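Trainee: what's the 3D shape of this:
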Amino acid sequence: MSNKSISALQAGEINELNLQMQNRIENLDNQNDLRDAMMYSVMAGGKRIRPLIVFATCLSLNEPISPSTYVVAGSLEFIHTYSLIHDDLPEMDNDDLRRGKPTNHKVYGQAMAVLAGDALLTEAFRWLSEVQVSARRGLMLVHKLSQAAGALGMVDGQARDIKGEGQQLNIEQLKVLHAGKTGALIRYAFEAGGILANATEKQQQLLSKLGSVYGLAFQIYDDILDVTSSEQEMGKAVHKDQSENKNTYPTLLGLNGAKESLADTLDEASGVLEQLKDIGVETKLFEELLAYFRI
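Mentor: So this is what the prediction gives:
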């Protein structure tokens, strides 16, 4: 059983991950502006929620943090960062601010921002291919990450988001949208930790379910903060969802309804944690991760 806390992981393993990601980009023998643009967004800050989930899942299954854990966490964060760069482009969300700083295309131009995102996406898979696990588990990691990031996951959700603009989705359609756009990479983080830790089939099923529920909570919470927080608190533009007629949980359910939906989702997650406890999984770190959403 690990005695680590999420704050300890942030102070230790996440700092080490930041160094490894920085070194990875610095050592690329590529065009200077491209490398700088990649570095700019990767090292712009952020909560590193997805890597934290990978670390927490490994420790919850009594799997020590190893070089392979950093490879999986870092490659995932590269893909998340690429998605943010592309999301911020004028053709997508058209944002000027991300993590409290000008967005990548505002600093390096649209063309270089597109290329920086492309480079991070492909470098993520090059890095993941170097993971020191069995061939079977390595292939599972690549397969699940490509599924989560691509046409069956995040990109599908982004496409649904774009095509949903100007029309009102129902709540089930919104859940499907966000299960891809936000939830797929979060679910992968739980699943990847399970793969690294040689989780049993039952453990892996519950980790996947926890990832789906956690991803939904993450999106509802983010939608609520867009209504209730300031630009300084969020590090990005707020109140855009309503002004642009975006489909969000507060838009469809009202602010109080969205908060009730978040509470219901967290209750569902707590139920999954109880099932994990019943089969011998330590859930302390997962409980800390869920506490992030308390309003």
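Trainee: what about A135, distance to V142?
Mentor: 11 Å (C-beta to C-beta, to the nearest Å). For glycine as for every other residue, the C-beta is placed from the backbone atoms N, C-alpha and C.
Trainee: And these two? Which one has more around it.
Mentor: Remark: of A135 and V142, V142 carries more neighbours, 15 against 7, as counted by other C-beta atoms under 10 Å.
Trainee: Roughly how far does the residue lying closest to the more buried one once chain neighbours are set aside sit from F293?
Mentor: Excluding its sequence neighbours, the residue lying closest to V142 (C-beta to C-beta, 6 or more residues apart in numbering) is L128, at 6.0 Å. To F293, L128 is 29 Å away according to C-beta to C-beta.
Trainee: Then M39?
Mentor: 31 Å.
Trainee: picking that back up, of L128 and F293, who's got more company?
Mentor: Using other C-beta under 10 Å, the more surrounded residue of L128 and F293 is L128, with 22 against 18.
Trainee: who touches the more buried one in this structure?
Mentor: 71-72, 75, 138, 141-142, 145 (C-beta atoms under 8 Å, 6 or more residues apart in numbering).
Trainee: Also L174?
Mentor: 247-249, 252.
Trainee: Redo those residues as TSV? Include secondary structure and neighbour count.
Mentor: As requested, those are arranged in TSV below (DSSP: H, G, I helix; E, B strand; the rest coil; neighbours: other C-beta atoms under 10 Å):
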residue	secondary structure	neighbour count
N247	coil	22
T248	coil	21
Y249	helix	29
L252	helix	17
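Trainee: what's the lowest-pLDDT member of these?
Mentor: Note: of the contacts of L174, the lowest pLDDT belongs to N247, at 88.
Trainee: so it makes contact with L177?
Mentor: Yes. Counting by C-beta atoms under 8 Å, N247 does reach L177; the two are 7.2 Å apart.
Trainee: Quickly list what's touching both of these two.
Mentor: The contact sets of N247 and L177 overlap at 161, 164, 169 (C-beta under 8 Å, 6+ apart).
Trainee: Which member of the residues you listed is positioned nearest L196?
Mentor: Comparing the shared contacts of N247 and L177 against L196 with C-beta to C-beta places D161 closest, at 30.8 Å.
Trainee: buried ones in the one helix or strand that closest one maps to?
Mentor: Assigned by DSSP states H and E, D161 belongs to helix 154-164. For helix 154-164, burial by neighbour count (16 or more other C-beta atoms under 10 Å) applies to 154-158, 160-161, 164.
Trainee: Which neighbouring elements make contact with it?
Mentor: The helices and strands touching helix 154-164, judged by 3 or more C-beta pairs under 8 Å, 6 or more residues apart in numbering; DSSP states H and E, are helix 67-87, helix 171-181, helix 183-196.
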